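Novice: need a structure here:
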Amino acid sequence: MYLADSWDFVRNNLNTCPNAMSLQAFSPSLNATVIRALPCNQWSCRWCIRIKKGRIIRKVTDARPNRLLTLTVDPKLYSDPRDAFDQTRRQLPRLFTTLRKTYDSIEYFRVVEVTRAGWPHYHCCVRSGYLPHFQVKAAWEQLTGATIVDLRQIKRTSQAITYVTKYLHKLSNIPWTARHMSYSRKFFHKDPEKPPADHDYKNIHVVKAHPVNCITLDRHVTHFEPLKNGWVKLTDTYDRGF
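Specialist: Next comes the predicted model:
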């Protein structure tokens, strides 16, 4: 028999991403197999996208952008929305490279949105010094032929959070691309170095099956115990290494 409280834990903590695979290992100190979910991390996954959006919003906020920039495309210049996206997304880095020649340090984070007619345009959080609208507009028009550019200053941090949150929520609705966002190399602050692992797990490997399936298919598993960082200890197994 599975212990009810333990099975509830597994169901609530491992049965999340429906496309997850399993990360399994053996712990000599516990003398047991341990397992955790390995989410698919895809934008199309309704479980993973919530985590990804939250992480991105926090990182963009910490980057402290001070401008919001919208860049459009001219539909008359392209055969279809995918063609417009493929051509104009390559011009974004060139736009900022051009502007840096005059205005020094400019870093950006961009997300793509589509209009009701399906055409892409770009929303960017920018961190820069003085940046005149007419120069940005002229550079984008020269690169893409589009003439509509909106540039405004961020007066409150909440503005950036609202801006990013609004457009991130629309990302999963773009059928012809998974390239939902991009950013310049120095836009985000460096992540702190990860501390060394505080466990003795050995033979860590990926199993191409959902962790709940791995557990329920093994009839020798009788008890589960939550560990740190999403790991679950499996006890009373017939075969410790599965």
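
Novice: Any idea which residue is closest to the centre of this structure?
Specialist: Nearest residue to the geometric centre of the chain (Cα atoms, centre = their mean): residue 52, 3.9 Å.

Novice: distance of residue 226 from residue 110?
Specialist: According to Cβ to Cβ, to the nearest Å, residue 226 and residue 110 sit 39 Å apart. Using the backbone N, CA and C atoms, a C-beta is placed for each residue, glycine as well.

Novice: Could you count how many residues lie near residue 201?
Specialist: 18 (other Cβ atoms under 10 Å).

Novice: i'd like the first residue to be 18 from this point on
Specialist: From this message on, residue numbering opens at 18, which makes the last subject residue 218.

Novice: Just want to know which of residue 243 and residue 127 has more residues nearby.
Specialist: Higher neighbour count among residue 243 and residue 127: residue 127, with 23 against 12, using other Cβ under 10 Å.

Novice: helix, strand or coil for that one?
Specialist: strand (DSSP: H, G, I helix; E, B strand; the rest coil).

Novice: Does it touch residue 143 like I think?
Specialist: No: the pair residue 127 / residue 143 is not scored as a contact, 9.1 Å apart, by Cβ atoms under 8 Å.

Novice: Tell me who's in contact with the residue nearest to the centre of the chain.
Specialist: 58, 60 (Cβ atoms under 8 Å, 6 or more residues apart in numbering).

Novice: What segments of the chain are strands?
Specialist: 38-44, 49-55, 84-88, 123-131, 137-145, 166-170, 198-200, 219-224, 240-243, 249-252 (DSSP state E).
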